[in-house]
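Peer 1: From the sequence below, what's the structure:
(4 chains)
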There are 4 protein chains.
Amino acid sequence: MNERIPVGVLGATGMVGQEFVSFLRDHPWFDLTWLGASDRSAGKRYREATTWRLGGAIPAYVADIVVSECKPGDGVPKLLFSAMDAGVATDIERAMAGAGHTVVSNSRNHRMEDDVPLLVPEINPDHLRLVREQRRKRGWSGQIVTNPNCSTIVMVMALAPLKQFGIRKIIVTTMQAISGAGYPGVASMDINANVIPYIGMEEEKMQSETQKILGDFATTKIQPLAAAVSASCNRVPVVDGHTMAVSVELEKKATEAEILGAILGFRGIPQQKGLPSAPPCPVIYMEEPDRPQPRRDVERENGMAVFVGRLRKCPVLDYKFIAMGHNTVRGAAGAAVLNAELMQAEGLL
Amino acid sequence: MNERIPVGVLGATGMVGQEFVSFLRDHPWFDLTWLGASDRSAGKRYREATTWRLGGAIPAYVADIVVSECKPGDGVPKLLFSAMDAGVATDIERAMAGAGHTVVSNSRNHRMEDDVPLLVPEINPDHLRLVREQRRKRGWSGQIVTNPNCSTIVMVMALAPLKQFGIRKIIVTTMQAISGAGYPGVASMDINANVIPYIGMEEEKMQSETQKILGDFATTKIQPLAAAVSASCNRVPVVDGHTMAVSVELEKKATEAEILGAILGFRGIPQQKGLPSAPPCPVIYMEEPDRPQPRRDVERENGMAVFVGRLRKCPVLDYKFIAMGHNTVRGAAGAAVLNAELMQAEGLL
Amino acid sequence: MNERIPVGVLGATGMVGQEFVSFLRDHPWFDLTWLGASDRSAGKRYREATTWRLGGAIPAYVADIVVSECKPGDGVPKLLFSAMDAGVATDIERAMAGAGHTVVSNSRNHRMEDDVPLLVPEINPDHLRLVREQRRKRGWSGQIVTNPNCSTIVMVMALAPLKQFGIRKIIVTTMQAISGAGYPGVASMDINANVIPYIGMEEEKMQSETQKILGDFATTKIQPLAAAVSASCNRVPVVDGHTMAVSVELEKKATEAEILGAILGFRGIPQQKGLPSAPPCPVIYMEEPDRPQPRRDVERENGMAVFVGRLRKCPVLDYKFIAMGHNTVRGAAGAAVLNAELMQAEGLL
Amino acid sequence: MNERIPVGVLGATGMVGQEFVSFLRDHPWFDLTWLGASDRSAGKRYREATTWRLGGAIPAYVADIVVSECKPGDGVPKLLFSAMDAGVATDIERAMAGAGHTVVSNSRNHRMEDDVPLLVPEINPDHLRLVREQRRKRGWSGQIVTNPNCSTIVMVMALAPLKQFGIRKIIVTTMQAISGAGYPGVASMDINANVIPYIGMEEEKMQSETQKILGDFATTKIQPLAAAVSASCNRVPVVDGHTMAVSVELEKKATEAEILGAILGFRGIPQQKGLPSAPPCPVIYMEEPDRPQPRRDVERENGMAVFVGRLRKCPVLDYKFIAMGHNTVRGAAGAAVLNAELMQAEGLL
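Peer 2: Numbering: from 1, shown residues only, chains lettered A, B, ... in the order given. Here you go, the predicted structure:
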């Protein structure tokens, strides 16, 4: 690829938008040249429109880009990443897709629609075929593709290697990082030295999204995985990295060695094709008895792998283990960029 | 009761020992007059032998007591609370029981022995009948009674109201406070802004202790509850208060209203007899969607109640909920003192 | 005193308002019977109008009081504590004072006005004489009395015993708790495992308020203390308790023993008169080399004392030490209540 | 430079040793091939001898090196970095220097000796001339060079640009990260949601080391800077990065613009020579009102720059500002490696 593809970010000044800006720096295929935000920010330089919340300084490569309004028009790149708040994402994403743009969205708004792929490139690349139906039904020249919620993706990455054994039941308890709530997000008075045993709508998302992601493409729609999923979602005082304890019941008897072998051997299309943001090994098993840990492991593999540890028998279901992944990278910006890379590799951009 | 009963603490200078010292201040029945510790401390005043780790200053009422060695002898009170490390507890507790002392122990050493009650006064006061067998078999004039591990007790208190429906399966994930590991305990480099998904032997304790506590006394021994228990134990950066997400499967169909009614109506002997350390309501249900929380709720009810919230259907087992309790009060010193109060009320001291 | 005096709280639903509600529970002199808040809350029961942010449950004694609007009228008690946001406090407090109410305010709005006492009962009870001038000039039948900012008061309490030696220069660096910023206050993404070396307008307040509080009443106004004050204010991830390192230069030579003696012997009118909220000893010196510490010491003395430790020579100025106090008790609600107690004892209500 | 220089680390299994291992990975000049530790570890592979405490996994390039004892002998590289505990460093470092090794030490043992450079390459490269005297007096064929304590270096880097104005008085209050105490270091029960206003011997080190580092080389010894230094050292719950509030009095009048210009223009020999670990700009001034912050800024510039912000007038001394730097990189391993780079560039290895 000689020339990089120009791309834009919808909702570029918010926290997820900043994560896209950070993740796309020096991307070998995509050249971030367009930043969309609300009316309030439009017309200002990015450095003026944005209070940079991530570590370090605002990246120089975008600092002087003049922010645009989020509507179709001249100069808007064909490929758009959406980091918009759920409150405004539906209309703008649809308008953009209708106007011929490919919207690779991190927003939750379209995830559960029948004709929208909820894509994890290592797991369900064939779900991209939904797009044909999406265009047909909606009369769009563009398309919308989504990635999962930040807690869902950590779990489904860890579970994907076990799909071959037939996943029947899942019980998961999460311990989620504060960055998952955006900015200002969780008040320090609520979470300092505390646990908040509730995250609005998170348990529902983990349940329904998991069934869709691990489901099978059948002609024009996804047949959800017929597995019962029970989630308890908690916030803990960790900056980045969602940790979760997962118990799973399988249809086929499998030894612990077979389970471990499936995890260790798990690779997907992104690894085969060497997509730029793909980790060499998407699920990394840690042998230490007390790992993975969010603060110590979350930055490894550029935040794109999911870490699993403590695989052992579950006295109630079959097996249990710990999974941990970077909620704002693999769980947001990085997930969307990998989706776009897959689409590019598949000739779908 | 006109005269208070003199009592002692074995292992008084350690962190659990300090919790006993703190909890027994102004106790209406028990008068803490004797403090036992290692050779290194014996002979010093308590204030000199101890680096006080709890909040505030060392309590004045014990500050000038001269620390004794932990062995039977003149002046050792008949009733002893044991806060000893597991490494030394076995021999000393046995020697004391053999010499006629009642040892009410927080140590794990004797908990799972067949003839030792693992006592929770609201749940299994009849397990005290094991003591007869204990004395007979061991030829002791004294006795040993134990309380559960700090994470076990929070869960069993929350589950006890459901025992009537037949508990078949339990899956629990804990988020445990650092005070549960004593002092110096968990290194700040390990837990600051982090989760440690492992606590040595904690999962095994939660599994076996739960079955014993919720089991039935049968002639001379306990018939453990025939329920499968699966625990995943995690450390989180919280000072006091173990929080846990529990899913449970029951034998009898029960509506959510019946479950909630059982929790709300749960009372035990300590409440009926008005034992001094008994909370009026041992299990408190919180209606708020994001409660209980350790930092905000752990100090309520003098640390002696367990708080439950978020009762709801579990898509895999039957019901799930959050439980939280004070690990160093109801989970340690307070539990032992309540055990001794029950024994006193039952004429067993 | 046979009958308790009815009192009200302006801004009762906010975080400082909740602290008043919490602090006034079981007050021997004052009976909290009236709660004022914004239009949005007026007419609702307090339990419905308020999301309780403090530990435990909303106090039962106020839960069913119907919230009123913050304006003069029938049934508004003569004595009002003000917990209002600075944005609205000026007009409402003046209206109330004009209508004959005594407004004992924690808001910053009137603190630095020439005719308003910035009162710390142990330090400058004579500043109450400003009220005569205030009433005369403003034509009010009521009055406004204020307490200092939460970081100022910790420092001035620690410095007050040294005033006798002539305070010439003060350099202070604070490490302030998150509760000082109210709710939602500091975002957890900003403060988790972090230090924020800036608190808006805090350094200016510490400088000017200190000079006024430690100044002398002269006929009709306060002659500010002619001391240079330099403050660096930082936020740290602590829940309650502002800690600060203070260096001070004195006019008169004083030995370390004289300084310590002055601290140990410091008492004020509240102690002499035994005001209900007065700590027996307002400034407590801790001998341990690593104390005071906010998490371990902040709850002592009902949050009303200031703790000092590590008194030692300063190689640049004369002496340096650590001070720590409860920012939402002695630094807010408790300070105001003690002010009202002093006024009651002096016959000024 | 075609061939890399073989180097070793004394005390390689401890936390500072791990930081050297981590920092030297892919170093362009130095090839870490030898790891020394205690008898207990000697003979084992590094991966077996070490519990890796830093983020991520143990670096592969050293994992299989067999650990040696810390004594002179065949195969010990000429250049040794010392990460040894103070308890054992004196004798071993001297033995190595006596046997012809260059010991570039992070230990405190030799820092304040008259003939040992306390080196900061940007500030006092001429102090290396002390080595001649050191060798002569001690009869060593090797040499010992040291770097400052982790809090000292952050302050002196920030102050070095002001040396030209004559530094007369310094008052500093630190807020230091837990990683500065090594492993296990600070107990979580002590620091979680807390401030510890004391770090043993830290204030003394900041005072004496600062005077030596900013002092002048005069014939055969260092003439310490004649400035009064007053430090108050505190531990806060931050993982990496020491933050400090500094007030300074200068001999020459200087405008704020002159001070700022001096900071912005500050460069040293490492920058001129382009030493591999030298940050392009050793002191970075941040314009934002609430920066630098440890969690957000500590990883910038590979941890080798010091960040300064909030420069403003001090009402007591002349100016005050905030400084922050990475205590385990610029304050330990990185400092020592930069020292060795300077020595290599000067032909002193």
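Peer 1: Tell me where the stretch 201-349 of chain A has strands.
Peer 2: With DSSP state E, counting those that start in this stretch, the ranges of strands along the stretch 201-349 of chain A come out as A:216-218, A:221-223, A:228-235, A:242-250, A:283-286, A:306-313, A:319-325.
Peer 1: partners of the longest one, with directions?
Peer 2: When you say that, I think you mean strand A:242-250. Here strand A:242-250 has these sheet partners by DSSP bridges: strand A:167-176 (antiparallel), strand A:319-325 (antiparallel).
Peer 1: Now the element after the longest one, going C-ward?
Peer 2: When you say that, I think you mean strand A:167-176. Next helix or strand after strand A:167-176 toward the C-terminus (DSSP states H and E): helix A:188-191.
Peer 1: other SSEs contacting that following helix?
Peer 2: When contacts are defined as 3 or more Cβ pairs under 8 Å, 6 or more residues apart in numbering or on different chains; DSSP states H and E, helix A:188-191 packs onto helix C:188-191. Backbone N, C-alpha and C define where each C-beta goes, glycine included.
Peer 1: residue ranges with poor pLDDT in the stretch 1-150 of chain A?
Peer 2: A:1-2 (pLDDT under 70).
Peer 1: For chain C, what is the nearest residue in it?
Peer 2: Using Cβ to the nearest Cβ, the closest approach of the stretch 1-150 of chain A to chain C is made by residue A:53 at 6.4 Å.
Peer 1: quick one: is stretch A:283-293 near chain C?
Peer 2: No: with Cβ under 8 Å from any Cβ of the partner chain as the criterion, chain C is not reached by stretch A:283-293; the gap is at least 13.9 Å.
Peer 1: then that stretch to CSV, C-alphas only?
Peer 2: Only the C-alpha atoms of stretch A:283-293 are listed here, as CSV (Å, rounded to 0.1, in the frame of the first residue of the first chain):
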residue,chain,number,x,y,z
VAL,A,283,-5.4,-14.6,23.6
ILE,A,284,-2.3,-14.9,25.8
TYR,A,285,-2.4,-17.5,28.6
MET,A,286,-0.4,-16.6,31.7
GLU,A,287,1.0,-19.4,33.9
GLU,A,288,1.6,-17.3,37.0
PRO,A,289,-1.0,-18.1,39.7
ASP,A,290,-1.9,-14.4,40.3
ARG,A,291,-2.1,-13.1,36.7
PRO,A,292,-3.3,-11.4,34.6
GLN,A,293,-3.5,-8.1,36.5
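Peer 1: Pull out the buried residues from that stretch.
Peer 2: Neighbour counts over stretch A:283-293 (16 or more other Cβ atoms under 10 Å in any protein chain shown) mark A:283-286, A:290-293 as buried.
Peer 1: Tell me which residues touch the residue lying farthest from the centre of chain A, please.
Peer 2: Seen from the C-alpha centroid of chain A, the residue lying at the greatest distance (Cα atoms, centre = their mean) is residue A:315, 31.5 Å away. Contact partners of residue A:315, counting by Cβ atoms under 8 Å, 6 or more residues apart in numbering or on different chains, are B:207, B:228-230.
Peer 1: re earlier: let's have the strands of the stretch 201-349 of chain A in JSON lines, adding mean pLDDT and distance to residue D:251.
Peer 2: Output for those, formatted as JSON lines (pLDDT from 0 to 100; distance: least, Cβ to Cβ, whole Å):
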{"stretch": "strand A:216-218", "mean pLDDT": "94", "distance to residue D:251": "77"}
{"stretch": "strand A:221-223", "mean pLDDT": "96", "distance to residue D:251": "75"}
{"stretch": "strand A:228-235", "mean pLDDT": "98", "distance to residue D:251": "53"}
{"stretch": "strand A:242-250", "mean pLDDT": "98", "distance to residue D:251": "55"}
{"stretch": "strand A:283-286", "mean pLDDT": "98", "distance to residue D:251": "57"}
{"stretch": "strand A:306-313", "mean pLDDT": "98", "distance to residue D:251": "56"}
{"stretch": "strand A:319-325", "mean pLDDT": "98", "distance to residue D:251": "55"}
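Peer 1: Many thanks, we can stop here.
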